[in-house]
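S.K.: Below are the sequence and a predicted model for it; my questions follow.
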Amino acid sequence: MRTPAAGMALVAFGAIGFGLMPLFARTAYADGLPPLSLLSWRFGFAFLCLLPFLPRLLAARRDTLVAVLAGAGYMGINLFYFLALQRLTVALTVLILFTYPLFTILIGWLGFRERLTWPNAVAALLVLLAAILILAPAGFGESIDMTGIAMAFVPPAAYALFVHIAARRLSRMAIPVRLGGVFLGGLIAMLVLGLVIDGRIVAPASPAGWGATVALALLSTVFALGLLLYGAPIAGAERTAVAGASELVTALIVGVAVYDEALSGTMLVGAGLIIGAILLAARGEANRPHAD
């Protein structure tokens, strides 16, 4: 069913793939693979999955170009996330990242003149509160680096804009064109950044590294981004942003199950708040008058 709730379910399910990224990334890093090289291989393998649809991409050149630019722009801006990690704690950087539901609502309201609804606004605030509860045990750092904080706010704002583009402009494209263009854009951005910053693109050194890289491409890119780009036009940008917060719950489960990280009561409350935020946003749309 193409209802907003169904779209949110697709996005939330896809976000599980995003939540698995730390598992695959840590394995690849342990194999000696630098972040930009890993991301280059990630989008390279993802784009290979879309090669059977290459004629459709070439036939829809204008749409493909828009998708490539959207993918390259958003993925390239993610460099600020890694720059912020050099100045701030991981917990504070990730917490700032999860302000993106609020950015999504503000961009929709101010930039696209969308109606500001209280369920979406409350759901976005619940996501931010949940991120604070889940990440607080890791510590946010004692000193304030304003440059690092400014860098950390760039990715969530960019992601919010990307979600709006996915829900509006990319929704007019065929799925293979939508995915192929974004994957190709991500590949171009990561190759350029990898060559400029690192001077080369490094290949995995072991079967474990190759396996983690391929899993990152298939589960955390083709699967996760595919469901995001398919579900976003159905759910709408604001509800997409809220549903995507299930990534944080998945990452929490991975940390406990795989890395034996401690699980506190506040973390469980935070996970519950995210689930509640998703249900609130979905219920708010269901109760919205049809005339709207």
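M.R.: Good, I have the coordinates.

S.K.: Show me where the stretch 51-200 of the chain dips below the pLDDT cut-off.
M.R.: Scanning the stretch 51-200 of the chain for pLDDT under 70 picks out 90, 138-139, 141-143.

S.K.: for it, what spans make up the helices?
M.R.: Listed in chain order, the helices of the stretch 51-200 of the chain (DSSP state H, counting those that start in this stretch) span 54-59, 61-77, 79-85, 90-97, 100-111, 118-135, 146-168, 175-193.

S.K.: In CSV, list those along with mean neighbour count and distance to Leu23.
M.R.: Glycine gets a C-beta too; all of them are placed from N, C-alpha and C. Listed next are the helices of the stretch 51-200 of the chain as CSV, based on neighbours: other CB atoms under 10 Å; distance: least, CB to CB, whole Å:
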stretch, mean neighbour count, distance to Leu23
helix 54-59, 14, 31
helix 61-77, 19, 20
helix 79-85, 19, 18
helix 90-97, 20, 15
helix 100-111, 21, 22
helix 118-135, 21, 17
helix 146-168, 20, 21
helix 175-193, 23, 20
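
S.K.: And those helices: which comes nearest Gly276?
M.R.: Nearest to Gly276 among the helices of the stretch 51-200 of the chain is helix 118-135 (6.2 Å), distances taken as CB to CB.

S.K.: what residues does that closest one touch?
M.R.: Outside helix 118-135, the residues that touch it by CB atoms under 8 Å, 6 or more residues apart in numbering are 91-92, 94-95, 98-99, 101-102, 104-105, 238-239, 241-242, 245, 248, 252, 266-267, 269-274, 276-278, 280-281, 283-285.

S.K.: ditto for stretch 153-163
M.R.: 70, 73-74, 77-78, 80-81, 84, 96-101, 103-104, 106-107, 232, 237, 240-241, 244.

S.K.: run the last query once more with 6 Å
M.R.: 74, 77-78, 80-81, 96-97, 99-100, 103-104, 107, 237, 240-241 (CB atoms under 6 Å, 6 or more residues apart in numbering).

S.K.: just stretch 173-191 next, same as before
M.R.: Stretch 173-191 is contacted from outside by 36, 39-40, 43-44, 46-47, 50, 53, 56-57, 60, 63-64, 67-68, 71-72, 75-76, 170, 226, 229, using CB under 6 Å, 6+ apart.

S.K.: residue contacts, the closest residue to Gly185 other than its chain neighbours?
M.R.: Distances taken as CB to CB, 6 or more residues apart in numbering place Gly71 nearest to Gly185, at 2.6 Å, with adjacent residues excluded. By CB under 6 Å, 6+ apart, the contact list for Gly71 reads Val182, Gly185, Gly186.

S.K.: Just put the helices of the stretch 51-200 of the chain in JSON lines and tack on distance to Ala215.
M.R.: Listed next are the helices of the stretch 51-200 of the chain as JSON lines, based on distance: least, CB to CB, whole Å:
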{"stretch": "helix 54-59", "distance to Ala215": "24"}
{"stretch": "helix 61-77", "distance to Ala215": "19"}
{"stretch": "helix 79-85", "distance to Ala215": "21"}
{"stretch": "helix 90-97", "distance to Ala215": "21"}
{"stretch": "helix 100-111", "distance to Ala215": "25"}
{"stretch": "helix 118-135", "distance to Ala215": "24"}
{"stretch": "helix 146-168", "distance to Ala215": "22"}
{"stretch": "helix 175-193", "distance to Ala215": "16"}
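
S.K.: Which one, of those helices, ends up nearest to Val256?
M.R.: helix 118-135 (11.4 Å).

S.K.: Report the inter-axis angle for that closest one versus helix 100-111.
M.R.: 150 degrees (axes from the mean of the first three to the mean of the last three CA atoms, to 10 degrees).

S.K.: follow-up on the earlier one: out of the helices of the stretch 51-200 of the chain, the one nearest Phe24 is which?
M.R.: Taking those one by one with CB to CB, helix 175-193 is closest: 15.4 Å.

S.K.: next structured bit after that closest one?
M.R.: Note on helix 175-193: by DSSP states H and E, the next helix or strand toward the C-terminus is helix 207-217.

S.K.: neighbouring contacts of that following helix?
M.R.: Phe24, Thr27, Ala28, Asp31, Leu33, Trp41, Arg42, Phe45, Ala46, Pro204.

S.K.: Please work out the average pLDDT along the helix or strand just after it.
M.R.: Downstream of helix 207-217, the next assigned helix or strand under DSSP H and E is helix 224-235. The average pLDDT for helix 224-235 rounds to 92.
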